[in-house]
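Chemist: Whatever this is, show me its structure:
(one chain, ligands or ions: 1)
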Amino acid sequence: MSRFFSSRFASLAPYVPGEQPQDQQYVKLNTNESPYPPSPRTRAAVSDAELARLNLYPDPTGTRLREAIAARYGVKPANVLLANGSDEILSFAFMAFCDAETPVAFPDISYGFYPVYAALYGLAAEEIPLRADFSMDVDAFCASRGMRVLANPNAPTGMALPLSEIERILSSDPDRVVLVDEAYVDFGAQTALPLLAKYENLLVVRTYSKSRSMAGARLGFALGSEALIRDLETIRFSTNPYNLNRLTLLLGEAAVADDAYYMENCKKIAATRERAAARLKELGFTLTPSQANFLFASHPAVSGETLYSALKAQGVLVRHFKKPRISEYVRITIGTPEQMEVLFAAIEDILKGDAACAPQR
Ligand SMILES: *Cc1c(COP(=O)(O)O)cnc(C)c1O
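Modeler: Coordinates of the predicted model:
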């Protein structure tokens, strides 16, 4: 920290992203990206003619993309907010709906950015412990003060809540915002979107980073009541009205038009997940029931940290969290069937105890 850094950030611990090695030497199963590329039609959206227009600012209202997303999900463009990844939406929402009087509540085990934004904005954070089986304590959520934030399915467990439980949280206090982070919903969980018409306090947050194969493009959106979206737009226009560049807007529109391609990929990934879960169970792993594009797994014979390092030594990157309650687990992103075979071979080696003499992949 330099002597210039504001003292209000003195104790800020920034978010630590998963490793992003910039070479191809790993089978990368650590940050929940899609193993499949964007569709050919999506890729064709960035033409040389469009590149030539980069001298011009993008549309700050992102109207064409907002209209396309609104049509896709059966809402009005005024119910849609666009942002530079869903992380930016989380940032806007924590800024817009919380303050010294209104804290924020989220599970003790969930997406690592929630406590970071709470600290960044100086908010009181109410961490609601998941139960021993990592299920959500919905009653505790209903009793919490402040904005309620939950990922559904949750990360890094992949466990999902049914719509009826989300509705219970929404109706427990219509004066508090409920932010449902649906980064992984298209891999098999129930979306809260049908509740939008009934609950003005619901904000559903989505990202193109996982199910839409576009982590590198940085595109997220939120769906909510016009009242909530207006507030978020006030924050957005007070932060960076050009938060989405011209190319990302075009990619987003093309991806909405090619929705069937992406939903088909989600189905493929969910099927790979189910086969991988069965295989890991045969190998003695304990798994949470994941509905996301990753598995959360622990093994009685090898610690989470050892598994992470041994896999890395064999050229397979997974995610390990040095955090109470989950340090014995690793989170494994679902890759292609071929990538999963490399993972299983490495795990079998490690469990045999001969990982040290195995050749580097
Ligand atoms: C990956 C992820 C995000 C962030 O997604 P971006 O759109 O890439 O910023 C948000 N929430 C959860 C739960 C995630 O796993």
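Chemist: Quick one: name whatever helix or strand follows the lengthiest helix in the chain.
Modeler: Criterion DSSP state H: the longest helix present in the chain is helix 259-282. Using DSSP states H and E, the helix or strand that follows helix 259-282 towards the C-terminus is strand 286-287.
Chemist: helix or strand right after that next one?
Modeler: strand 294-298.
Chemist: Okay, now the sheet partners of that following strand, with direction.
Modeler: Strand pairing for strand 294-298, using DSSP bridges, gives strand 286-287 (antiparallel), strand 329-333 (antiparallel).
Chemist: Mind listing what's buried along the longest helix of the chain?
Modeler: 261-262, 265-266, 268-270, 272-273, 276-277, 279-280 (16 or more other C-beta atoms under 10 Å). C-betas here are computed from N, CA, C, even on glycine.
Chemist: Over to stretch 236-243?
Modeler: 236, 243.
Chemist: Export it to PDB, keeping only CA atoms.
Modeler: Only the C-alpha atoms of stretch 236-243 are listed here, as PDB (Å, rounded to 0.1, in the frame of the first residue of the first chain):
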ATOM      1  CA  ARG A 236     -24.100   2.800 -14.600                       C
ATOM      2  CA  PHE A 237     -24.300   6.300 -16.200                       C
ATOM      3  CA  SER A 238     -22.500   7.700 -13.100                       C
ATOM      4  CA  THR A 239     -19.700   5.100 -13.500                       C
ATOM      5  CA  ASN A 240     -19.100   4.300 -17.200                       C
ATOM      6  CA  PRO A 241     -21.900   4.800 -19.800                       C
ATOM      7  CA  TYR A 242     -19.700   3.100 -22.400                       C
ATOM      8  CA  ASN A 243     -19.200   0.000 -20.300                       C
END
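Chemist: which residues touch it?
Modeler: 57, 58, 60, 81, 82, 83, 84, 88, 92 (C-beta atoms under 8 Å, 6 or more residues apart in numbering).
Chemist: Pull out the buried residues from those residues.
Modeler: 58, 81, 82, 83, 84, 88, 92.
Chemist: ok, so of those residues, who is nearest residue 214?
Modeler: residue 84 (12.0 Å; C-beta to C-beta).
Chemist: quick one on the thing from earlier: out of the contacts of stretch 236-243, name the ones that lie in strands.
Modeler: Residues of those located in strands (DSSP state E): 81, 82, 83.
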